[in-house]
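> could you work out the structure for the sequence below:
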Amino acid sequence: MLLSLAACGGNDEGGRPAPTASTSTVPEAGRGSLVIGPDRLEFEVRTCTDEPAADDRPQAHRVFLMEGEGTVDGAPFAVQAVRFEASGPGVQVFTVTETVQVTTGTPDDLRGIEAERSNVGDDWFDARDPDADGPLIEDRDDLVRAAGTFGPEGSTTGEPDVVEGRLIAHCPG
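Numbers count the residues shown, from 1 in each chain. Got it, this is the predicted structure:
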């Protein structure tokens, strides 16, 4: 199962397993596909919004959210792509943080992997991919794309549980 990736090995010559399936085909509205290492997950896109969350503060707020869900090997999973911005009074530097997360389990036993990238000024930071030099998430019209390096929360480049992944999702119409 994909979410046991955190325990799998198998690296390409660069030290990270590369995706073996394509995410170039645009899915129908309300569907998405995530390829992480050799695994492919198909999912239903539940929501896409550029509205902030009800409890967001003006200085740190969500500017994009895509949520989906599916099953793999009989187990349910959730997919989330989210972008937050920090700006305004009390914030010294405009900051963007983007995360794509795949989780399974219950709230008491949640497991998963994520790709995360942050931007300050002209610089992008990704603890799993030090060569990253642009956004993790691209949302244009009704399409959401992401390409990044996934791993367990807190993982960094070079660790055995870090893998390349790509997402494409078509927001519901």
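
> how about the most centrally placed residue in the chain, secondary structure?
What sits nearest the mean C-alpha location of the chain, by C-alpha atoms, centre = their mean, is Val100, with 1.4 Å. Secondary structure state of Val100, per DSSP: H, G, I helix; E, B strand; the rest coil, is strand.

> show me what contacts it?
Val100 makes contact with 79-81, 114-116, 136-137, 146, 148, 150, 165, 167 under the criterion C-beta atoms under 8 Å, 6 or more residues apart in numbering. (Each C-beta comes from the backbone N, C-alpha and C, glycine too.)

> what's opposite it in the beta bridge?
Counting by DSSP bridges, Val100 is bridged to Ala81, Ala115.

> same list, the contacts of Val100, but as a markdown table with pLDDT please.
Converted to a markdown table, the contacts of Val100 look like this (pLDDT from 0 to 100):
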| residue | pLDDT |
| --- | --- |
| Val79 | 97 |
| Gln80 | 97 |
| Ala81 | 98 |
| Glu114 | 96 |
| Ala115 | 97 |
| Glu116 | 97 |
| Leu136 | 97 |
| Ile137 | 97 |
| Ala146 | 97 |
| Gly148 | 96 |
| Phe150 | 96 |
| Gly165 | 96 |
| Leu167 | 97 |
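
> between those, which is nearest Asp56?
Distance to Asp56 across the contacts of Val100 (C-beta to C-beta) is lowest for Gln80, with 15.5 Å.

> for the closest one, grab the count of nearby residues.
Neighbour count for Gln80, taken as other C-beta atoms under 10 Å: 18.

> would you write a PyMOL line that selects the buried entries of the contacts of Val100?
Of the contacts of Val100, the buried ones can be selected in PyMOL as follows, counting by 16 or more other C-beta atoms under 10 Å:
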select buried, resi 79+80+81+114+115+116+136+137+146+148+150+165+167
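
> out of the contacts of Val100, who's nearest Thr104?
Val79 (10.4 Å).

> check for me that that closest one belongs to a helix.
No: in this structure, Val79 is strand, not part of a helix, as judged by three-state DSSP.

> quickly list what the spatially closest residue to it that is not a sequence neighbour is bridged to.
Spatial nearest neighbour of Val79, chain neighbours left out: Gly68 (4.4 Å); criterion: C-beta to C-beta, 6 or more residues apart in numbering. Counting by DSSP bridges, Gly68 is bridged to Val45, Val79.

> low-confidence regions, the protein specifically.
1-24 (pLDDT under 70).

> recalculate using a threshold of 80.
Scanning the chain with the threshold set as pLDDT under 80 gives 1-24, 58-59, 88-92, 106-107.

> got the buried residues for the one helix or strand Arg117 maps to?
Assigning secondary structure by DSSP states H and E places Arg117 in strand 109-120. Across strand 109-120, burial judged by 16+ other C-beta under 10 Å covers Gly112, Ile113, Glu114, Ala115, Glu116, Arg117, Ser118, Asn119.
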